[in-house]
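Peer 1: Let's see this in three dimensions:
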Amino acid sequence: MKPNYLYLLFFTLCMSHLGFSQQLLTEKQQKLFKDEVRAKANSTSTIMSDFTQTKHIGMLDENMVSKGNLAFQAPDQILWKYITPNPYKVVFKDEVLYVDSNGSKEAILLSRNKLFRSLNTLIAASIRGDMFNDDAFEMTYSAYNGYYLAKFIPKDKKLKRFVASFELKFGNISKEVTEVTIHEPNGDFTQIVFSNRKSNIKIAPKIFQH
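Peer 2: The predicted model follows:
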């Protein structure tokens, strides 16, 4: 089954069911954590990373697993390139979402769709780790097993129809996003785990060609 590019807009974003004891951060700890993450995000201009995406659908016996590459160029150019099991490419560039599935191409103007545009901004912020907008989400922050976990519950009614909550897992030392998990209202979820991440390296413009 091909990945639904709409899910990428929810950023391109699922909490795994963790068995570790989590400790909520105090207000002082939250401020320090957010300041460190923002500093890291502000110093990041590019990101290249591999990813593994796991999609859990309750009615299916097995999870759907896809693998591919991510490229990010500040402020908002993003490439999701799926390699297995089905070649598939999604590019966010110049306020347009481009989808290429085996030569079948589609372009969506983000400027004509407020929800898509907001979610594109959310994706870019999620990838960099800088998305602490108290006006748009209810948030909780916790620490466990050497990681930080930020949980976001959207306030927007339209977004809540698609996303019940999503969570970002940050490395304790790096303050970089290592996992993104999206929970849907029906109980299904998508988890994206990043690996082999490289930041602030030169990315050729052709990477974002569509």
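
Peer 1: Quick check: next helix or strand after the helix or strand of the chain with the lowest mean pLDDT?
Peer 2: Lowest mean confidence among the helices and strands of the chain (mean pLDDT, DSSP states H and E): helix 5-8, at a mean of 51. As assigned by DSSP states H and E, the chain's next helix or strand after helix 5-8 is strand 23-24.

Peer 1: Where does pLDDT dip in the protein?
Peer 2: 1-21, 115, 119, 134 (pLDDT under 70).

Peer 1: which residue sits farthest out from the middle of this structure?
Peer 2: Taking Cα atoms, centre = their mean, the residue of the chain most remote from its mean C-alpha position is Lys28, at 26.1 Å.

Peer 1: what helix or strand is that one on?
Peer 2: Counting by DSSP H and E, Lys28 is part of helix 27-42.

Peer 1: So for that helix, what gets flagged as buried?
Peer 2: Gln30, Phe33, Lys34, Val37, Arg38, Lys40, Ala41 (16 or more other Cβ atoms under 10 Å). (C-beta placed from N, C-alpha, C; glycine too.)

Peer 1: distance of the second one from Phe194?
Peer 2: This points to Phe33. 19 Å (Cβ to Cβ, to the nearest Å).

Peer 1: now do the last one
Peer 2: Using Cβ to Cβ, one gets 15 Å for the distance from Ala41 to Phe194.

Peer 1: Over to the third one?
Peer 2: With distances defined as Cβ to Cβ, the gap from Lys34 to Phe194 amounts to 20 Å.

Peer 1: ok, now Ser45?
Peer 2: 17 Å.

Peer 1: Look at the two and report which has more neighbours.
Peer 2: Neighbour count, other Cβ atoms under 10 Å: between Ser45 and Phe194, Phe194 has more, with 18 against 15.

Peer 1: Which element, helix or strand, includes the residue nearest to the more buried one when sequence neighbours are not counted?
Peer 2: Excluding the flanking residues, the one nearest Phe194 by Cβ to Cβ, 6 or more residues apart in numbering is Ser49, at 4.7 Å. Element membership for Ser49 (DSSP H and E) is strand 46-56.

Peer 1: Neighbouring strands of that strand in the sheet, and parallel or not?
Peer 2: Sheet pairing here is set by DSSP bridges, and for strand 46-56 it gives strand 64-73 (antiparallel), strand 189-199 (antiparallel).

Peer 1: Would you mark the buried spots in that strand?
Peer 2: Quick answer for strand 46-56 (16+ other Cβ under 10 Å): Thr46, Ile47, Met48, Ser49, Phe51, Gln53, Thr54, Lys55, His56.

Peer 1: Show me what the last one is bridged to.
Peer 2: Going back to what we said before, that points to His56. Phe189.

Peer 1: any idea how far it is from Lys206?
Peer 2: Distance from His56 to Lys206, by Cβ to Cβ: 35 Å.

Peer 1: is it possible to export the buried residues of helix 27-42 to JSON lines including distance to Ile173?
Peer 2: Below are the buried residues of helix 27-42 laid out as JSON lines (distance: Cβ to Cβ, whole Å):
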{"residue": "Gln30", "distance to Ile173": "18"}
{"residue": "Phe33", "distance to Ile173": "12"}
{"residue": "Lys34", "distance to Ile173": "16"}
{"residue": "Val37", "distance to Ile173": "12"}
{"residue": "Arg38", "distance to Ile173": "16"}
{"residue": "Lys40", "distance to Ile173": "11"}
{"residue": "Ala41", "distance to Ile173": "16"}
